[in-house]
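# Sequence and predicted structure below; questions after.
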Amino acid sequence: MKISTRGRYALRFMIDLAQHDSTEFIALKDISERQDISVKYLEQITSLLSKFGLLQSVRGPQGGYKLARKPSEYTVGEILRITEGDLAPVNCAQQPTNASAHSSDCQTLQLWKELSDVINTFLDSKTLEDLVVSSTNEEDIDYYI
């Protein structure tokens, strides 16, 4: 499984919103500058995330985006499944199972299903808040030689 740019940028976008969480809407231009992601690409991502109810948005000069829920209520798995689709490592392990001609005698099907479960369980155990906290902790570390 390889996460595309869209999935990685969606996570960066959502982390940015969570870090700058306020009652105000945040302009896409501001996030674009902080994250070094083009506004056009962010527009595609926000369209998708808005469609699934992850964002609130307002148009116009004072418009922008903010999270629809608390950062602790978003999982990394949820965000990635919206932007990437099913996270199964192989097609035959997708839910619902896409039975192939060989699925009845596939000796590795159980392996792929178990790996898929591990991936989904791990990504669903991490919240947006976890990512914000871990990135904040990394910024607080001072290195001395």
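Received the coordinates, thanks. Just so you know, these numbers come straight off a predicted model, no measurement behind them. Residues are numbered from 1 along each chain as shown.

# so where does Ser57 fall, helix or strand?
strand 55-58 (DSSP states H and E).

# ok, the nearest residue to Leu17 once chain neighbours are set aside - contacts?
Distances taken as CB to CB, 6 or more residues apart in numbering put Leu67 closest to Leu17, at 5.2 Å, once the chain neighbours are dropped. For glycine as for every other residue, the C-beta is placed from the backbone atoms N, C-alpha and C. Applying CB atoms under 8 Å, 6 or more residues apart in numbering to Leu67 gives the contacts 14, 17-18, 21, 54-56, 74, 128.

# now the helices: where do they sit in the chain?
Secondary structure of the chain by DSSP state H: the helices cover 5-19, 28-35, 39-51, 76-84, 109-125, 128-139.

# would JSON lines of the ones you listed with mean neighbour count and mean pLDDT be doable?
Shown next, in JSON lines, are these (neighbours: other CB atoms under 10 Å; pLDDT from 0 to 100):
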{"stretch": "helix 5-19", "mean neighbour count": "19", "mean pLDDT": "96"}
{"stretch": "helix 28-35", "mean neighbour count": "15", "mean pLDDT": "95"}
{"stretch": "helix 39-51", "mean neighbour count": "16", "mean pLDDT": "95"}
{"stretch": "helix 76-84", "mean neighbour count": "19", "mean pLDDT": "96"}
{"stretch": "helix 109-125", "mean neighbour count": "14", "mean pLDDT": "93"}
{"stretch": "helix 128-139", "mean neighbour count": "14", "mean pLDDT": "82"}
